[in-house]
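> Return atomic coordinates for the entry below.
(chains A and B)
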Protein chains: 2
Amino acid sequence: MSAVTSIERELRAAVAAEVVAPSAQYMVDETEARGVRGRADAVALPRSATEAAEIVSWCYAHDVPVVPRGGGTGYAAGAVPLDGGVVVALERLARVRSFDPLVWRMEVEAGMTTADVRRIAREGGLLFPPDPGAAEQSQIGGNVATNAGGPHAFKYGVTGAWVTGVEAVVAPGEVVRFGGSLRKDVAGYDLTSLLVGSEGTLGVVTSVWLRLTPAPEATWPVVGCYDGVRAGSAAIERVVGNGLTVAALEYLDGETMRYAGAGFPVAVPPGSFCVVAEADGSHDEAARLRADVVDVLREEAIAVHAPERAEDVAALWNWRHGVALRVVAQRGGKASEDIAVPLDRLAEAIEESLAIGSRLGLPAASWGHAGDGNLHTTFLLARDSEDDAELAARASEELFALALRLGGTISGEHGVGAVKTQWLGEQLGAKGSELHAAVKRSLDPKNLLNPGKKVA
Amino acid sequence: MSAVTSIERELRAAVAAEVVAPSAQYMVDETEARGVRGRADAVALPRSATEAAEIVSWCYAHDVPVVPRGGGTGYAAGAVPLDGGVVVALERLARVRSFDPLVWRMEVEAGMTTADVRRIAREGGLLFPPDPGAAEQSQIGGNVATNAGGPHAFKYGVTGAWVTGVEAVVAPGEVVRFGGSLRKDVAGYDLTSLLVGSEGTLGVVTSVWLRLTPAPEATWPVVGCYDGVRAGSAAIERVVGNGLTVAALEYLDGETMRYAGAGFPVAVPPGSFCVVAEADGSHDEAARLRADVVDVLREEAIAVHAPERAEDVAALWNWRHGVALRVVAQRGGKASEDIAVPLDRLAEAIEESLAIGSRLGLPAASWGHAGDGNLHTTFLLARDSEDDAELAARASEELFALALRLGGTISGEHGVGAVKTQWLGEQLGAKGSELHAAVKRSLDPKNLLNPGKKVA
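The predicted model follows:
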């Protein structure tokens, strides 16, 4: 551990929040596996928005970068301090400020885990639909700051669709509130949506007002397996083209099934392309929709599986949640991105993303949120191989180029963070980048809020 | 008609778009009834985004204000040229650029009417849910620029929830695109949402990408009538508190029913407070939900009406759509606002808004989108009475103060335009107003895009 920095010492003397030395756990997120690791001068742990404002205020006055941090589960190094400054870790700011189940509403502080938000909602008979992967670790503030997605975004939308207001600390260190416990508000510019997904570069989110929705009575997945990308994508297009409003519509390509097929509850030839659609709603509605989905998925299918018993349904989702880990276990390392394309370009995007791996000699697998055209194509890397790391960087670049060529985005749900900045400009274009930078300057004139992140 | 201004002459010589003299129809919107009327130097009618950019470019170079205009159905004078400049009327920019019903998607130019957007969607088996009041006249670009609402926003959200991308002309005269035909994109700040609801003050919307959803098979309204605001509001709270996901949840207070009750399909004592809830979905689901709504509304009701035949349903909605006109007809004039409050403050807001009328000696009626806490409390004015106009201004001020006291907003769906600017600062607070102004400056440094609108 390094010696106490003067920033750490001075900040400790200046603010009420606890200030600690920058230990290893606060320097990384999920990009650690590809070698990203930060360096900070101090870590501050505010217990209130006022304490957070005090920290930002001191930093802004002393030209010290502020790096907000939630659960550290990001895939874009958004919470990694690139080059010094103060990490503002929000885990102690985690109270429920209000919960009004009768009017489908909750206000919670940024540091509460996503899983706890969902649990509290469920105890009130309600659903907070966003379900990003690491819900037990990720925090709602981080979900809002990255506008996190997940499988159920197909029917329910991403995190931002459920945020009616944001409390944040903005430069040079003041608490502001945009929106609130209102379902409709067009009085000012939509600064709530501007903060959502801004990855800590426009302000530090300290609390959020969420709307909720009545929990569905029933939730039933249906799996269809196919011989190849084209037949599988056609099944996906049939679900949508037939107007079936499924809650989730996922895909796992043949390579994914080859690596992660153990424990899959359906006997299919290795290398089958699988689709998982989920019907939800009232018991009767979910049953009706489930039957329609089975009909539509059956066409051209090698196998269709539609579990009804709760334990069989849980087994399927548990298997699904473990897919990424099992794929990574193949070679020890991976590079995974989150491009998204218009739905009618999905098959093309899957095939071409796999072809990138073939060209570069990297094993590749692809799965993701089909209904939203959101691909998690993953390149498998030998752990600690510098050659592979270099190839992976090239593969990611080709993946981003592919996304843009198909009218898509370099990020469907992970954000830009520190790792995609050089590609953001390509996507936004010259004028778009200029406006993007102008908005950043207008809210953070000294460029001290998470500098180096989400910039073109 | 005034003599040809030099701006009109010079603009005509400089751009490809047709430029015409500023005739009366382009100087007003729905605020004309309260005496708002603008003055412009010219009206330009672009047929393409490129032509629109040319107009903005010339205006920006010559320090001439640009006032974008859709259908002219606004209630906040957002499209009224306050003091000269060029009205950019978008009615000729009205093509469908693409319609892909199989993937629930449409790209349409700004000047298409809302009704046409909905009609085209419906022909593809799809629903574009936003349904603001003047859909036959209002244009989709104006709906996007104001983030228009309507009754079905309760289940489906406001216009912005359906916009995945915006093409706009920004200062100093360039066409940009934010988002596109993508369902998920977190690559940059959410500049799409920033443009949505910006009322032409950050850019001129020229085209929008919309997502659509499968049209419900069935749509059934249920009406419940009650003795007074408290009993009626309790019924509204029961619908929500029982987790009934109705598509629309409207209220009409006793005064509204007194003025507009003629033609109402249920026999109730004059002055009953009525609630209209709409169940939609698959045929079975809508029927199930309808039965639940009937159960919940029946408690404490004077009468419950649940039409099933298509013509009876249509009759009810036709009656509902005529309510505002019939209320206004009472005295010839009205002042109507669109405050919104948290749902649990609705009863209080209705009662207190009516009390404002009593105190000032103005007849008042209140109706609106109950589920969203959005009140259209209306003060009835004698036509051309200066005394009443002055009282109405005081009533509106008290209404805005009430909204803010209850944690609400001065505008749930009409926007700020030119008529609520002095109240925006109250709502946003000092720091919020400062950020709001900073965002405006960053995108419109010369303050030429719809100047005087939506500013604190």
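
> Nearest residue to the middle of chain A?
In chain A, the residue lying closest to the centroid (C-alpha atoms, centre = their mean) is residue A:148, at 3.6 Å.

> quick one, what contacts that one?
Counting by C-beta atoms under 8 Å, 6 or more residues apart in numbering or on different chains, residue A:148 touches A:114, A:130, A:132, A:138, A:142, A:158, A:159, A:413. For the C-beta atoms, the positions are set from N, CA and C on the backbone; glycine is no exception.

> Name the nearest residue to the third one, sequence neighbours excluded.
Nearest residue to residue A:132, sequence neighbours excluded (C-beta to C-beta, 6 or more residues apart in numbering or on different chains): residue A:148, at 4.0 Å.

> how near is that neighbour to residue B:134?
Residue A:148 sits 37 Å away from residue B:134, going by C-beta to C-beta, to the nearest Å.

> Helices of chain A, residue ranges please.
A:6-14, A:49-61, A:114-123, A:140-146, A:153-156, A:191-195, A:229-241, A:254-260, A:283-298, A:310-321, A:323-328, A:346-360, A:386-405, A:421-443 (DSSP state H).

> and the third one, is it in reach of chain B?
No - with C-beta under 8 Å from any C-beta of the partner chain as the measure, helix A:114-123 is seen stopping short of chain B, the closest distance being 12.0 Å.

> Give the buried residues for that helix.
Judged by neighbour count using 16 or more other C-beta atoms under 10 Å in any protein chain shown, the buried positions of helix A:114-123 are A:114, A:115, A:116, A:117, A:118, A:120, A:121.

> same thing with the last one?
By neighbour count, and taking 16+ other C-beta under 10 Å as the criterion, the buried residues in helix A:421-443 are A:421, A:423-428, A:432-436, A:439-440, A:442-443.

> now the second one
When burial is assessed from 16+ other C-beta under 10 Å, helix A:49-61 yields the following buried residues: A:49, A:51, A:52, A:53, A:54, A:55, A:56, A:57, A:58, A:59, A:60.

> Now the third one: closest residue in space, sequence neighbours ignored.
Read that as residue A:52. residue A:46 (4.1 Å).

> quick one on the thing from earlier: which of the contacts of residue A:148 has the most neighbours?
In terms of neighbours by other C-beta atoms under 10 Å in any protein chain shown, the contacts of residue A:148 top out with residue A:142 at 32 neighbours.

> And the pLDDT at that one?
Residue A:142 carries a pLDDT value of 98.

> State the distance from it to residue A:284.
From residue A:142 over to residue A:284 the distance is 37 Å, taken as C-beta to C-beta.

> Around chain B, which positions in the stretch 301-450 of chain A sit nearby?
Near chain B, when you scan the stretch 301-450 of chain A using C-beta under 8 Å from any C-beta, you find A:340-344, A:369, A:371-374, A:407-416, A:420, A:424, A:427-429, A:431-432, A:435-436, A:438-443.

> So which bits of the stretch 1-150 of chain A are right by chain B?
Neighbours of chain B within the stretch 1-150 of chain A, by C-beta under 8 Å from any C-beta: A:100, A:102, A:103, A:104, A:105, A:125, A:126, A:146, A:147, A:149.

> The last one: neighbouring residues, count only.
So the one you mean is residue A:149. Residue neighbour count, defined by other C-beta under 10 Å, stands at 29 for residue A:149.

> is it true that it touches residue A:373?
No - counting by C-beta atoms under 8 Å, residue A:149 sits too far from residue A:373 to count as a contact (11.5 Å).

> what touches both of these two?
What both residue A:149 and residue A:373 touch, as defined by C-beta under 8 Å, 6+ apart, is the set A:412, B:184.

> Need the residues of the stretch 1-150 of chain A next to chain B in CSV (columns: pLDDT and distance to residue B:13).
Shown next, in CSV, are the residues of the stretch 1-150 of chain A next to chain B (pLDDT from 0 to 100; distance: C-beta to C-beta, whole Å):
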residue, pLDDT, distance to residue B:13
A:100, 98, 61
A:102, 97, 63
A:103, 97, 58
A:104, 98, 57
A:105, 98, 57
A:125, 98, 66
A:126, 98, 61
A:146, 98, 50
A:147, 98, 46
A:149, 95, 51
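
> among those, who's most crowded?
When neighbours are counted by other C-beta under 10 Å, residue A:146 leads those with 33 neighbours.

> nearest residue to that residue other than its sequence neighbours?
Nearest non-adjacent residue to residue A:146 (C-beta to C-beta, 6+ apart): residue A:415, at 4.4 Å.

> cool, and residue A:335?
Residue A:335 sits nearest to residue A:392 (C-beta to C-beta, 6+ apart), 3.6 Å away.

> My understanding was that residue A:441 contacts residue B:443; is that so?
No - the criterion here is C-beta under 8 Å, and residue A:441 misses it with residue B:443 at 11.6 Å.

> Quickly list what's touching both of these two.
By C-beta under 8 Å, 6+ apart, no residue touches both residue A:441 and residue B:443.

> Now do the same contact list for residue A:348.
For residue A:348, the contact set (C-beta under 8 Å, 6+ apart) comprises A:341, A:406.

> re the thing from before, of all the buried residues of helix A:49-61, which comes closest to residue A:220?
residue A:49 (41.5 Å; C-beta to C-beta).

> Need the pLDDT of that closest one.
pLDDT for residue A:49: 98.

> Skipping adjacent residues, who's closest to it in space?
Nearest non-adjacent residue to residue A:49, counting by C-beta to C-beta, 6+ apart: residue A:206, 4.1 Å away.

> ditto for residue A:292
residue A:244 (5.5 Å).

> can you check residue A:153 too?
residue A:372 (5.7 Å).

> What is the neighbour count of the nearest residue to residue A:268 once chain neighbours are set aside?
In this structure, residue A:268 finds its nearest non-sequential neighbour in residue A:225, 4.4 Å apart by C-beta to C-beta, 6+ apart. Using other C-beta under 10 Å, the number of residues around residue A:225 comes to 26.

> try residue A:128
Neighbour count for residue A:128, taken as other C-beta under 10 Å: 24.

> State the pLDDT value of it.
Confidence at residue A:128, expressed as pLDDT, is 98.

> quick one: it and chain B, what's the gap?
Residue A:128 sits 14 Å away from chain B, going by C-beta to the nearest C-beta, to the nearest Å.
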